[in-house]
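1. pasting the sequence and the predicted coordinates here, then a few questions.
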Amino acid sequence: MMKKLLALISFFTLCVAVNAQQDLLLSQQFFSRINKNPAGVGNISDLDIFFLGRCQWLDVKDSPKSGVLNAQTFIEKYNSGVGFTCSYDNLGVAKSMLNPKLVYAYNLKLNDDMLLSFGLSAGIQYGYFDASDYELEDETERNDGDFPMEKETKFSPDFDFGAEFSTPSLLLGFSITHIVANESTSLISGRHFYGYARYIFPLNETFDLAPALVYMNHGKTNVFELNVVAFYNRLFWGGLTYHPDINDGFGTNPVGVTLGVEYNRFRFGYTFDYNFGAVADYSGSAHEIMLSFNFPNKNKKEVFERFE
């Protein structure tokens, strides 16, 4: 019975995959968000390399896996941040998506404690679908007309725009991703809108508390993320993330617990997500790993350093 149930969920994953493509939902995105908002590039003066990998529904065969690789730095002479981002999304049994982009942002220093940034990114979306090698329990279903058989690939130009306002404590951001794609297809993400806010409250000399709110709109889909992170000496952190189900969808309502540490310019973070909604007994949990390293820029002059 369980084997059949897992096979059914795997096929359900495929059915979701052949419908509209949606951007990645990642719990530790605030540490490096240039794949969602190009205005965030160059938020530190050094060269920063960032990787975030996520595995969902580990109890399900061919479960979704996704990741982001970001690289960025700040060019002080031109008040500009430049970088590269590449997102990868494998939606289980047969479908993959790759989204590499070059990123640029201009930073306008309003005063010693205020920065306004505008960013653009340009790249491609590449989608691939092939279910011919997927093993079914009953191979007769492969020819019944309900199981997609044809291979499909698609390329599409991709552009994003965003803006950020920041102080040492406050971060406000807005962005539009996949501007030229009016709507999503089975392989290409359509236009997304993002808005977010975060404030860092210093509790004392060693502890900071950073609550944040993230909103994403994609067609008729609205996603909210509520999270709060506590930092100790800004070297250790732990937090909670919650995605309320407001779309009358599958009722996942995931809650995430995050722990992280920074040592000698190296960052490591781990998030464990668990679904408490209607599909919790079947979808299992998700694991997310964050790795980043900061290479020092010996020629930099500190003008404004945002805490990330």
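-> Right, received. Where do you want to start?

2. pLDDT of stretch 294-305, averaged?
-> Mean pLDDT, stretch 294-305: 61.

3. I should have written stretch 91-100 there, sorry.
-> 78.

4. please apply the same query to stretch 225-241.
-> Mean predicted confidence for stretch 225-241 is 93.

5. quote the end-to-end distance of it.
-> End-to-end distance for stretch 225-241: 7 Å, by Cα to Cα, to the nearest Å.

6. and the nearest residue to Asn79 once chain neighbours are set aside, what does it touch?
-> Distances taken as Cβ to Cβ, 6 or more residues apart in numbering place Asn107 nearest to Asn79, at 5.0 Å, with adjacent residues excluded. C-betas here are computed from N, CA, C, even on glycine. By Cβ atoms under 8 Å, 6 or more residues apart in numbering, the contact set of Asn107 is Gly42, Phe74, Asn79, Ser80, Gly81, Leu115, Leu116, Ser117, Phe304.

7. now those: which count as buried?
-> Gly42, Phe74, Asn79, Ser80, Gly81, Leu115, Ser117, Phe304 (16 or more other Cβ atoms under 10 Å).

8. so where's the protein shaky on pLDDT?
-> For the chain, applying pLDDT under 70 flags the ranges 1-21, 58-62, 92-94, 131-150, 245-252, 277-284, 298-308.

9. can I get stretch 119-131 as CSV, trimmed to CA atoms?
-> The C-alpha coordinates for stretch 119-131 follow below in CSV (Å, rounded to 0.1, in the frame of the first residue of the first chain):
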residue,chain,number,x,y,z
GLY,A,119,19.3,46.6,-10.3
LEU,A,120,18.9,44.7,-13.6
SER,A,121,19.7,41.2,-14.6
ALA,A,122,19.8,39.5,-17.9
GLY,A,123,20.1,35.8,-18.9
ILE,A,124,18.0,32.9,-20.1
GLN,A,125,15.5,30.3,-18.9
TYR,A,126,16.0,26.8,-20.1
GLY,A,127,13.4,24.1,-19.5
TYR,A,128,13.7,20.4,-20.2
PHE,A,129,11.1,17.6,-19.9
ASP,A,130,11.6,13.9,-20.6
ALA,A,131,9.5,11.2,-18.9
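
10. and that stretch, how far from the chain's centre?
-> 15 Å (Cα atoms, centre = their mean, to the nearest Å).

11. any buried residues in it, and which?
-> Buried, per 16+ other Cβ under 10 Å, within stretch 119-131: Gly119, Leu120, Ser121, Gly123, Gln125, Tyr126, Gly127, Phe129, Asp130, Ala131.

12. cross-reference the residues you listed with the helices and report the matches.
-> Judged by DSSP state H, helices contain none of those.

13. dump these to JSON lines, plus distance to Ser27.
-> Output for these, formatted as JSON lines (distance: Cβ to Cβ, whole Å):
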{"residue": "Gly119", "distance to Ser27": "23"}
{"residue": "Leu120", "distance to Ser27": "26"}
{"residue": "Ser121", "distance to Ser27": "22"}
{"residue": "Gly123", "distance to Ser27": "24"}
{"residue": "Gln125", "distance to Ser27": "23"}
{"residue": "Tyr126", "distance to Ser27": "25"}
{"residue": "Gly127", "distance to Ser27": "24"}
{"residue": "Phe129", "distance to Ser27": "27"}
{"residue": "Asp130", "distance to Ser27": "30"}
{"residue": "Ala131", "distance to Ser27": "29"}
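
14. closest one of those to Tyr232?
-> Comparing the buried residues of stretch 119-131 against Tyr232 with Cβ to Cβ picks out Gly119 as the nearest, at 31.2 Å.

15. distance check, that closest one against Ala163.
-> 7 Å (Cβ to Cβ, to the nearest Å).

16. what is in contact with those two at once?
-> What both Gly119 and Ala163 touch, as defined by Cβ under 8 Å, 6+ apart, is the set Ala39, Ser175.

17. tell me which two of the contacts of Asn107 sit farthest apart.
-> Phe74 and Leu116 (14.9 Å).

18. those strands in the stretch 151-300 of the chain, which residues are they?
-> 152-166, 170-177, 192-199, 201-202, 207-218, 221-232, 236-242, 254-263, 266-275, 285-295 (DSSP state E, counting those that start in this stretch).

19. what is the orientation angle of the fifth one with strand 236-242?
-> Right, strand 207-218. Inter-element angle recorded for strand 207-218 and strand 236-242: 40 degrees (by axes from the mean of the first three to the mean of the last three Cα atoms, to 10 degrees).

20. can you check the third one too?
-> Direction vectors for strand 192-199 and strand 236-242, defined by the same axes, to 10 degrees, enclose an angle of 130 degrees.

21. hmm, who's touching strand 192-199?
-> Under Cβ under 8 Å, 6+ apart, the answer for strand 192-199 is 22-23, 30, 36-37, 162, 169-178, 210-218.

22. which helix or which strand is home to the residue nearest to Asn79?
-> Assigned by DSSP states H and E, Asn107 belongs to strand 95-111.
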